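Peer 1: Pasting a predicted model and its sequence here:
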Amino acid sequence: AGGGGGPAVRDGAPPPTTPERVLFPPTFSVSEIKNKQRRHFMFLRWKQQQRKEKLANKRKRRKEREALGDKAPPKAIPKTIENQRVYDETTVDPNDEEVAFDEATDEFAPYFNRQTVPKILITTSDRPRGRTVRFCEQLSTVIPNSHVYYRRGLALKRIIPQCIARDFTDLIVINEDRKIPNGLVLSHLPDGPTAHFRMSSVRLRKEIKRKGKEPTEHVPEVILNNFTTRLGHSVGRMLACLFPHDPQFIGRQVATFHNQRDYIFFRFHRYIFKSEKKVGIQELGPRFTLKLRSLQKGTFDSKFGEYEWIHKRREMDTSRRKFHL
Amino acid sequence: VIWDTLGNRQFCSYKITTKTQNFCRNEYNLTGLCNRSSCPLANSQYATVREEKGRCYLYMKTIERAAFPRRLWERVLLSKNYEKALEEIDENLIYWPRFLRHKCKQRFTKITQYLIRIRKLTLKRQRKLVPLRRKIERREKRREEKALIAAQLDNAIEKELLERLKQDTYGDIYNFPIHAFDKALQQQEAESESESDTEKEEDDEEDVDKREFVEAEDSDLSDFEDMDKLETSSEEEQEEEEEVEKKASRSKAKGKTPLKGPARRKRPYIEIEYEKETEPATKTKAA
């Protein structure tokens, strides 16, 4: 194969062959040329050919479509990862009774029945650095009825009973690594589940390009997007538990948790309805993305806890189209 | 002899030299420095304290066993009790040079102290270091970026908000419902027998709006809420009559000072009267 490419130096097309002899073996490909320069050249030429063919095909198809006019077949839907997602059997059907029954009796039921008002404790890992501290403060302005406490080397297992005694409903621990926050542990307190997230791309308020002001004290609305599976549903409810039930619409603030391909994006906006069909949003407040690492049944207990779900890389990251939330 | 050759002059593989001091890497060394008195090779009578798995041992070397390297170092287990162990060292090293005894006891003290600290630390919370895997981190980052692009967050949020508006979760705050009203009206027209009813309803509606418009002009500082409602309604009315540019300018004003009192809102409100004639003027004022 290399010999064929040798003397016929810059000729893409094989020399015209007589029907008896075949100069190139049928499996000749551009990648078999040993000379890098020539190989590269041949590859570019092949690429150009492909592009030309593609354009020609496109034009042909467009012409056909125009020619057919109304009778043209509908345009093909492009394949996206969301389209091709592997069907997850735990996807929640909105009318599912079993799920509704579960939700009426799980740990969040008191919240959703309006029996408890959320009260949140935000803390960090040991020795938080400036960025984490500022992030905690901003987070506490976003979540109403939340308090930030410094963690001075206290063990979580000892904090938790104290928190329960003081009527806290949720505990958020922001883990820090090399001066940036990179993890979030969210624990629903009266023996609720504990979710451990990995946090990334944290943007503080001054880093967001916007000209808005600080969030006011009004209770924001909550938007939870795209939590489809059973696991996603429980995580979504957990996140919704952080916010008080009755949003104050005067404040026009909305906190969004949007799940896309297992990444939960958090944004905090102020909206204004310009008309019935148009709304303007202005971002204020911090933003971050979360990825669920594990969901544990009781309160925080890494050794003896019963895990409902752990992200196992080997098993779960095998397919690009498979998502769990 | 040994010291003259190895220790001071020629090469000793246990010796480490630094700018200020010489250290001895030999595991049986008592002080850790490379001295004539602390070199286990150069001294035929030597003793050390070493610890293994939390227990301390006293190692002794005497000249009688110099010919048997395998039995050279004699090992004695020291008691866990600190005072008793010191006494045992004294017993075993009786009649030995003062230097060795003293240094052995010092070393033993230091060892017990750090063992105590180890035990205390293991009871406290330990930080577990989890190694990052570069390839996985890169992959996750890339996937997150792609997910962010695919999410189209702004659009999603806007859609959700509009949905909620349509489903009337906001109640009476936003007096948009003119379109919804129109739809409902059309439905009613289709259903109901007489048209006069609908006409009357429309008239009423217009009257109501007009009335609101007029009232708000007169009233200076009525209730804030009423002001809001009136303003939004009249604003919306105007917006529907005229088109986009005004919306943009006023919404910018609203966005900048979202919750300042009625005074702010009153200014564009009054300008509405003259809107049709002097649009560019309002734009500059509002912006």
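Peer 2: Nice, I can see it. Since the model is a prediction, treat every value here as computed from it, not as a measurement.
Peer 1: buried ones in the host helix or strand of A:Arg131?
Peer 2: Per DSSP states H and E, A:Arg131 falls inside helix A:130-142. Taking 16 or more other CB atoms under 10 Å in any protein chain shown as the neighbour-count basis, helix A:130-142 is seen to contain the buried residues A:132-136, A:138-142. Where C-beta positions appear, they are placed from N, C-alpha and C, glycine not excepted.
Peer 1: Let's have those in TSV, adding pLDDT.
Peer 2: As requested, those are arranged in TSV below (pLDDT from 0 to 100):
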residue	pLDDT
A:Thr132	91
A:Val133	91
A:Arg134	91
A:Phe135	91
A:Cys136	91
A:Gln138	90
A:Leu139	90
A:Ser140	89
A:Thr141	88
A:Val142	88
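Peer 1: and of these, the nearest to A:Leu186?
Peer 2: Proximity of the buried residues of helix A:130-142 to A:Leu186, judged by CB to CB, is greatest for A:Leu139, which lies at 11.6 Å.
Peer 1: Now for the closest one: which residues touch it?
Peer 2: For A:Leu139, the contacting residues are A:122, A:146, A:172, A:174, A:286, taking CB atoms under 8 Å, 6 or more residues apart in numbering or on different chains as the criterion.
Peer 1: just the helices in the stretch 101-250 of chain A please.
Peer 2: Listed in chain order, the helices of the stretch 101-250 of chain A (DSSP state H, counting those that start in this stretch) span residues A:109-112, A:130-142, A:156-165, A:230-240.
Peer 1: pretty sure A:His269 is in contact with A:Pro286, am I right?
Peer 2: No - taking contact to mean CB atoms under 8 Å, the distance of 12.0 Å between A:His269 and A:Pro286 leaves them out of contact.
Peer 1: out of those two, which sits in the more crowded spot?
Peer 2: A:His269 (29 against 24; other CB atoms under 10 Å in any protein chain shown).
Peer 1: how would you label that one: helix, strand or coil?
Peer 2: Using DSSP: H, G, I helix; E, B strand; the rest coil, the three-state assignment for A:His269 comes out as strand.
Peer 1: what sits against the closest residue to chain B within the stretch 51-200 of chain A?
Peer 2: Using CB to the nearest CB, the closest approach of the stretch 51-200 of chain A to chain B is made by A:Ala155 at 5.6 Å. Listed by CB under 8 Å, 6+ apart, the contact partners of A:Ala155 are B:Arg125.
Peer 1: same deal with A:Lys291?
Peer 2: Listed by CB under 8 Å, 6+ apart, the contact partners of A:Lys291 are A:197-198, A:200, A:262-264, B:140, B:144.
Peer 1: Show the pLDDT at it.
Peer 2: Taken from the predicted model, the pLDDT recorded for A:Lys291 is 93.
Peer 1: Bridge partners for it, pull those for me.
Peer 2: A:Arg198, A:Tyr263 (DSSP bridges).
Peer 1: So which residues on the stretch 151-300 of chain A come close to chain B?
Peer 2: If contacts are counted using CB under 8 Å from any CB of the partner chain, the residues of the stretch 151-300 of chain A sitting beside chain B are A:153, A:155, A:200-201, A:211-213, A:216, A:221, A:223, A:225, A:249-250, A:252, A:254, A:256, A:258, A:260-263, A:265, A:267, A:269-282, A:289, A:291.
Peer 1: Any stretches of the stretch 51-200 of chain B with poor pLDDT?
Peer 2: Applying pLDDT under 70 to the stretch 51-200 of chain B flags residues B:173-187, B:191-200.
Peer 1: now do the stretch 201-325 of chain A
Peer 2: Judged against pLDDT under 70, the low-scoring parts of the stretch 201-325 of chain A cover residues A:211, A:301-302.
Peer 1: Look through the chain and tell me its longest helix.
Peer 2: You didn't say which chain, so I picked chain A. Across chain A, the helix with the greatest residue count (assigned by DSSP state H) is helix A:36-68.
Peer 1: wrong one, I was asking about chain B
Peer 2: Under DSSP H, the helix in chain B containing the largest number of residues is helix B:98-123.
Peer 1: Buried residues, that one. List them.
Peer 2: Buried residues in helix B:98-123, defined by neighbour count with 16+ other CB under 10 Å: B:100-101, B:103-105, B:107-108, B:111-112.
Peer 1: And for stretch A:197-217?
Peer 2: Neighbour-count burial for stretch A:197-217, with 16+ other CB under 10 Å as criterion, is recorded at A:197-200, A:202-203, A:205, A:212, A:215-216.
Peer 1: Also stretch A:28-40?
Peer 2: Of the residues in stretch A:28-40, those buried (16+ other CB under 10 Å) are A:30, A:33, A:38.
Peer 1: nearest spatial neighbour of the second one, skipping sequence neighbours?
Peer 2: Which is A:Ile33. Taking CB to CB, 6 or more residues apart in numbering or on different chains, and ignoring the residues beside it in sequence, A:Ile33 has A:Arg39 as its nearest neighbour in space, at 4.2 Å.
Peer 1: Please apply the same query to the first one.
Peer 2: Closest residue to A:Val30 in three dimensions, ignoring its sequence neighbours and counting by CB to CB, 6+ apart: A:Met42, at 4.6 Å.
Peer 1: Among the contacts of A:Leu139, which are located in strands?
Peer 2: Here DSSP state E is the test, and those give A:122, A:146, A:172, A:174 as lying in strands.
Peer 1: top of those residues by neighbour count?
Peer 2: Each of the ones in strands among the contacts of A:Leu139 was scored by neighbours using other CB under 10 Å; the highest score is A:Ile174's, at 25 neighbours.
Peer 1: That residue reaches A:Ile180, doesn't it?
Peer 2: No - in this structure A:Ile174 lies outside contact range of A:Ile180 using CB under 8 Å: 10.4 Å.
Peer 1: overlap in contacts of those two?
Peer 2: By the contact definition CB under 8 Å, 6+ apart, A:Ile174 and A:Ile180 are jointly contacted by A:Thr132.
Peer 1: Show residues contacting stretch B:34-45.
Peer 2: B:2-3, B:6-7, B:12, B:14-16, B:22-24, B:26, B:28-32, B:46, B:48, B:61-63, B:66, B:96-97, B:99-100, B:103.
Peer 1: A:Asp106: which of the buried residues of stretch A:28-40 is nearest?
Peer 2: Of those, the one sitting nearest to A:Asp106 (CB to CB) turns out to be A:Val30, at 59.6 Å.
Peer 1: was I right about the closest one contacting A:Leu44?
Peer 2: No - under the criterion of CB under 8 Å, A:Val30 makes no contact with A:Leu44, lying 9.6 Å away.
Peer 1: Let me know the closest of the buried residues of helix B:98-123 to chain A.
Peer 2: Distance from chain A was checked for each of these by CB to the nearest CB. The minimum falls on B:Thr112, at 25.4 Å.
Peer 1: Do I have it right that that closest one meets B:Gly54?
Peer 2: No - using CB under 8 Å, B:Thr112 is not in contact with B:Gly54, being 10.2 Å away.
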